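1. Just to be clear, the model below is a prediction. Sequence and coordinates:
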Amino acid sequence: MGKRSTKENKCAYQLAREAAGLTREQASEAMEYISDDRIEKIERGVLSAHPEEVITMSECYKDATLCNYYCSHECPIGQKYIPEVQIKDLSQITLEMLASLNAMEKEKNRLIEITVDGKITDDERPDFEKIQQELRDISISIQSMQMWIEHATLTGEIK
């Protein structure tokens, strides 16, 4: 039986493993090709996890947030383009998505006006940036919904 960690600042991978109730040895056995030594080094920040390892950990630990965490915090491309998404209640995700879609509905005609000529002028820029933020909000809501579905599938809430 493995030792219990008392470390204060645990990384996302360690927190997910512990939430799954697994020791490093048990996790290594379940994942087959990732040794408990490698898991420890990833959790301590000595080694970086490979994308395929993160996918395997996410499935093994039944934690859909690990892939988003990796992309938004560790992958250089993801850090630039992937926002961090948290799992929320389905009702909260749905309401946020509907609010974002409603806001965008109001801006749809303005977006057409701005982009019809293929140019964004200085006087159009503030409205365009506002619309761009609303589109980001919709994207985050969609990603949050996808993560909720993935999590519910992994944990058996959706079969």
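-> Good, I have the coordinates. Just so we're clear, the structure is a prediction, and the values are computed from it rather than from any experiment.

2. C-alpha only now, for contacts and for neighbours.
-> Noted.

3. Spatially central residue in the chain, please.
-> What sits nearest the mean C-alpha location of the chain, by Cα atoms, centre = their mean, is residue 68, with 2.7 Å.

4. Which strand or helix spans that residue?
-> Element membership of residue 68, judged by DSSP states H and E, is helix 65-73.

5. for the chain, which spans come out with low pLDDT?
-> Residues of the chain meeting the criterion pLDDT under 70: 1-7.

6. could you redo the last one with a cut-off of 50?
-> Across the chain, residues meeting the criterion (pLDDT under 50) sit at 1-2.

7. and residue 127, how far is that from residue 43?
-> 44 Å (Cα to Cα, to the nearest Å).

8. Which of these two has more residues huddled nearby?
-> Shown here are residue 127 and residue 43; by other Cα atoms under 10 Å, residue 43 has more neighbours (20 against 16).

9. The closest residue to the more buried one other than its chain neighbours and residue 145: what is the separation?
-> Excluding its sequence neighbours, the residue lying closest to residue 43 (Cα to Cα, 6 or more residues apart in numbering) is residue 14, at 5.6 Å. The gap separating residue 14 from residue 145 is 24 Å, by Cα to Cα.

10. now do residue 87
-> 8 Å.

11. Pick out whichever of these two has more residues nearby.
-> residue 145 (22 against 18).

12. Okay, buried residues for the one helix or strand the more buried one maps to please.
-> Per DSSP H and E: residue 145 is located in helix 125-154. For helix 125-154, burial by neighbour count (16 or more other Cα atoms under 10 Å) applies to 127-128, 131, 134-135, 137-138, 140-145, 147-152, 154.

13. coming back round to it: the helix holding residue 68: which residues count as buried?
-> 65, 66, 67, 68, 69, 70, 71, 72, 73.

14. need the contact list for the last one.
-> It refers to residue 73. Residues near residue 73 by Cα atoms under 8 Å, 6 or more residues apart in numbering: 79, 84.
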